[in-house]
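Chemist: Sequence below, structure please.
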Amino acid sequence: MSNETKQPEQGEEYLVPVERYMAAAVRLGARVSNNYLQERGFIFTVRPDGLRIFNLKRIDERIRIAARMITRYQPSRVMVHSIKPYAFKPIQMFCKFVGCLPVTGRLIPGTLTNPYLAHHIDIDLLMVADPKTDFQAINEASLTGIPVIALVDTDSDPTFIDLMIPCNNKGRNSLALVFWLLARQVLRERGELKPNEDLPVSWEEFRVPVGQSQP
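Modeler: Okay, the predicted model is just below:
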């Protein structure tokens, strides 16, 4: 096993303690997997029940890289989108702190491609919570040359995605923690937070309330 795919040691520094990642099931993937993610070293192992386990080191480093990428753009020119209900609050909270444009729910066709439509949005960067459900936005971004950041599970199609953040993009706890970490890291990169400073709210505040349905 290469150093890149080796699971990090407990003593290495993470954005949050390993235990928090584990408790939020951030590294828990699906049973289906594609070879591309395996080849990139995103998958650490496979459990006896068939579930893929993400490489925690790759999750952590990709969150850092994504945060740096986001800081290159004007916040108002960055759209964060998903039609997944579990992603609604995480996205809205992320955009509240970072200043990006949240678009939750169904994306009207032509939103990113047809400037003559009243609902057209002109952006420079797109981030989505799940390529499987948010494919409309990804396809439109690809047609207009807009780079895409995506949270990808082991069953995600990497087509048209410029930067992948491997993680459990289905669970309410995982989505909340990943978007909280992204928001904090973007503000740290901008210098709006000190390197060891947290957001004024906990990651649980990014989480969809218990009982909200998930399709």
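Chemist: mean confidence for whichever strand or helix holds residue 60?
Modeler: Element membership of residue 60 [criterion: DSSP states H and E] is helix 56-70. Averaging pLDDT along helix 56-70 yields 96.
Chemist: Following element in sequence after the helix or strand of the chain with the lowest mean pLDDT, please.
Modeler: Of all helical and strand segments in the chain, the minimum by mean pLDDT, DSSP states H and E falls on helix 35-39, at a mean of 65. Next helix or strand after helix 35-39 toward the C-terminus (DSSP H and E): strand 43-46.
Chemist: Okay, now the sheet partners of that following strand, with direction.
Modeler: Applying DSSP bridges to the sheet, strand 43-46 is found paired with strand 52-54 (antiparallel).
Chemist: Tell me which residue of the protein is furthest from the middle?
Modeler: residue 116 (30.2 Å; Cα atoms, centre = their mean).
Chemist: got the phi/psi numbers for that one?
Modeler: phi -90, psi -10 (degrees, to the nearest 10).
Chemist: Give me the local confidence score for it.
Modeler: pLDDT, read off for residue 116, is 96.
Chemist: 11 is where my numbering starts, stick with that
Modeler: Sure thing, new numbering starts at 11, so read that last one as residue 126.
Chemist: For this structure, give the helix that spans the most residues.
Modeler: Using DSSP state H to define each element, the chain has its longest helix at helix 182-200.
Chemist: just how off-centre is that helix within its chain?
Modeler: Mean C-alpha position of helix 182-200 versus that of the full chain (Cα atoms, centre = their mean, to the nearest Å) differs by 9 Å.
Chemist: Does it pack against any helices or strands, and if so which?
Modeler: helix 28-33, helix 66-80, helix 95-108 (3 or more Cβ pairs under 8 Å, 6 or more residues apart in numbering; DSSP states H and E). (Each C-beta comes from the backbone N, C-alpha and C, glycine too.)
Chemist: which sections of this structure are below the confidence cut-off?
Modeler: Applying pLDDT under 70 to the chain picks out residues 11-22, 43-49, 221-225.
Chemist: Now the residue most central in space within the chain. Its backbone dihedrals?
Modeler: By Cα atoms, centre = their mean, the chain has its centre lying nearest to residue 161, at 3.5 Å. For residue 161, the backbone dihedrals (degrees, to the nearest 10) come out as phi -80, psi 120.
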